[in-house]
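Trainee: Quick one, fold the following:
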Amino acid sequence: MFTYEFAIVEWLWDQQAIRVNLPGSNERVFSGSYDELVAVLSELGGQGWDVATCAATGNWLFWTLRRQR
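Mentor: Alright, predicted model coming up:
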């Protein structure tokens with residue numbers, strides 16, 4: 001059976017803010033456009049994270065990421 005750890009990524013594109021919460025660490029906030037968001041998600045993908053869920057509304061996108069332990 002697999003065990004996962006979870007993280008979240010939020011993007012408020014009208015405020016150009018990217019918020020990342022990883023397990024065991026403090027919240028990291030980036031100033032970011034679409035290109036910077038792609039770079040953050042690519043970096044997390046390189047660390048073994050994949051998208052478990054995604055939600056969107058108005059000016060906001062929210063991803064739940066998971067990584068197998």
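
Trainee: Counting neighbours, what do you get for the nearest residue to Leu22 once chain neighbours are set aside?
Mentor: Ranked by CB to CB, 6 or more residues apart in numbering and with sequence neighbours excluded, the top spatial neighbour of Leu22 is Ala7, at 4.6 Å. Where you see a C-beta, it was placed from the backbone N, CA and C, and this is true even at glycine. A total of 19 residues lie near Ala7 under the criterion other CB atoms under 10 Å.

Trainee: pretty sure Ala7 is touching Pro23, no?
Mentor: Yes: with contact defined as CB atoms under 8 Å, Ala7 reaches Pro23; the gap is 6.2 Å.

Trainee: Go ahead and confirm Val20 touches Val40.
Mentor: Yes: taking CB under 8 Å as the definition, Val20 is a contact partner of Val40 at 6.6 Å.

Trainee: Confidence-wise, which helix or strand of this structure is lowest on average?
Mentor: Comparing helices and strands within the chain by mean pLDDT, DSSP states H and E singles out strand 28-31 as the least confident, with a mean of 91.

Trainee: Partner strands of that strand, with direction?
Mentor: strand 17-21 (antiparallel) (DSSP bridges).

Trainee: which residues touch stretch 57-65?
Mentor: Residues external to stretch 57-65 that are found in contact with it (CB atoms under 8 Å, 6 or more residues apart in numbering): 6-15, 41, 44, 49-56.

Trainee: from these, which would you call buried?
Mentor: Among those, those classed as buried by neighbour count (16 or more other CB atoms under 10 Å) are 7, 9-11, 41, 44, 49.

Trainee: So which of the residues you listed belong to strands?
Mentor: When DSSP state E is applied, the buried ones among the contacts of stretch 57-65 are split such that 7, 9-11 fall in strands.

Trainee: For the nearest residue to Ile8 once chain neighbours are set aside, list the residues it contacts.
Mentor: Taking CB to CB, 6+ apart, and ignoring the residues beside it in sequence, Ile8 has Asn21 as its nearest neighbour in space, at 4.8 Å. When contacts are counted by CB under 8 Å, 6+ apart, Asn21 is found next to 7-9, 27-28.

Trainee: Thanks again, I'm all set now.
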